[in-house]
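Visitor: Return a 3D structure for these sequence lines:
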Amino acid sequence: MKRIVVLTSSELRHDFLRKAIALADGIDVVRTYCEGLSGTTLDKVKQEGDEIQVRHLEARDRSERDFFGPFVDLAPDESNPKSVDRGAINDSDVFEEITSLDPDLLVAYGCSIVEDPLLSAFEGRFLNVHLGLSPYYRGTGTNFWPLVNGEPEFVGATFMHLDDGIDTGEVIHQLRARIHPRDSPHEIGNRLISDVATVYPEVIRKFDELEPVENVPEPDEAKYYEKSDYSTEATRKLYENFDSGLIPEYLAEREERIEAAPIVENPVLAQ
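Guide: Numbers count the residues shown, from 1 in each chain. Sure, this is the predicted structure:
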């Protein structure tokens with residue numbers, strides 16, 4: 001039995017993942033720290049009156065409710081959640097509480113950037129899942145920008161050891177998004193999070209068996225985005241791509257595209 005502490009946020013997708021991990025066989029979640037929200041992106045764009053971004057984010061919320069709502073509402077909660085302020089996972093009292101719990105692993109998804117002494121105290125025992133395929137896309141919106149740029153082959157998730165960089169930890173395993181005809185951007189993203197919930201418990205249970213695997217070389221044109229890059233123009237381009245046949249075109253060329261965009265597939269997890 002692996003005893004873990006989960007560090008996450010408080011949106012519906014975060015609630016879904018922590019509850020799913022806590023119900024998995026062979027895992028004992030001794031505490032989950034759920035960071036509060038300091039205003040959502042939807043709240044911000046509503047204040048700015050940007051209709052295109054509002055429609056996009058409201059559609060995302062509806063899709064998350066469809067994918068994750070029934071499970072979150074109905075499944076028992078064995079994740080021992082504790083609400084804390086945004087960024088409080090680095091506070092001294094939380095650090096002391098975590099170390100006193102003496103977990104085997106720390107498991108992160110969507111929390112604030114982790115700093116010392118917490119990061120150093122669990123070096124080599126600190127897992128993170130990043131929604132995006134490193135090193136191709138880094139920063140924020142790493143599954144939004146590939147669709148804006150017409151590159152669905154770079155939509156995925158990366159399980160990694162957490163370090164002090166932005167999405168720079170040693171990669172353990174990666175998932176590429178499953179994409180089907182007539183998918184919306186949100187269906188692609190939320191199906192991927194559902195897949196993450198299936199694989200993350202396996203990464204945790206088999207942690208002691210994991211050997212370093214060869215990571216993907218740094219591409220010549222790695223892309224890095226910040227929150228300030230998110231714009232009305234980018235959102236409009238996303239939907240123009242879908243309207244003009246991005247997904248059928250990708251599916252027709254899928255084998256060639258993914259061959260040119262290799263990912264890390266850990267043999268221990270593929271068993």
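Visitor: contacts and neighbour counts: CA atoms only from here.
Guide: OK.
Visitor: which secondary structure elements does the host helix or strand of Leu17 contact?
Guide: Element membership for Leu17, per DSSP states H and E: helix 12-22. Helices and strands touching helix 12-22, by 3 or more C-alpha pairs under 8 Å, 6 or more residues apart in numbering; DSSP states H and E, are strand 2-8, strand 27-35, helix 51-74, helix 185-205.
Visitor: As JSON lines, those with distance to Glu226 and mean pLDDT would be great.
Guide: Output for the helices and strands packed on helix 12-22, formatted as JSON lines (distance: least, C-alpha to C-alpha, whole Å; pLDDT from 0 to 100):
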{"stretch": "strand 2-8", "distance to Glu226": "20", "mean pLDDT": "98"}
{"stretch": "strand 27-35", "distance to Glu226": "21", "mean pLDDT": "98"}
{"stretch": "helix 51-74", "distance to Glu226": "17", "mean pLDDT": "95"}
{"stretch": "helix 185-205", "distance to Glu226": "19", "mean pLDDT": "97"}
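Visitor: Nearest approach to Glu233 belongs to which of the ones you listed?
Guide: helix 51-74 (9.1 Å; C-alpha to C-alpha).
Visitor: List the buried residues for the lowest-mean-pLDDT helix or strand in the chain?
Guide: Within the chain, confidence by mean pLDDT, DSSP states H and E is lowest for helix 41-48 among all helices and strands, at a mean of 76. Residues of helix 41-48 classed as buried by neighbour count (16 or more other C-alpha atoms under 10 Å): 42, 45.
Visitor: so what does it touch, helix or strand wise?
Guide: helix 51-74.
Visitor: Show me which residues of the helix it packs on are buried.
Guide: Using 16+ other C-alpha under 10 Å as the test for burial, helix 51-74 gives 53-54, 56-57, 60-61, 63-65, 67-69, 72.
Visitor: Stretch 214-224 now?
Guide: So for stretch 214-224, counting by 16+ other C-alpha under 10 Å, buried means 215, 224.
Visitor: Check the spacing between the most centrally placed residue in the chain and Asp167 real quick.
Guide: Residue closest to the mean C-alpha point of the chain, counted by C-alpha atoms, centre = their mean, is Leu131 at 3.3 Å. To Asp167, Leu131 is 10 Å away according to C-alpha to C-alpha, to the nearest Å.
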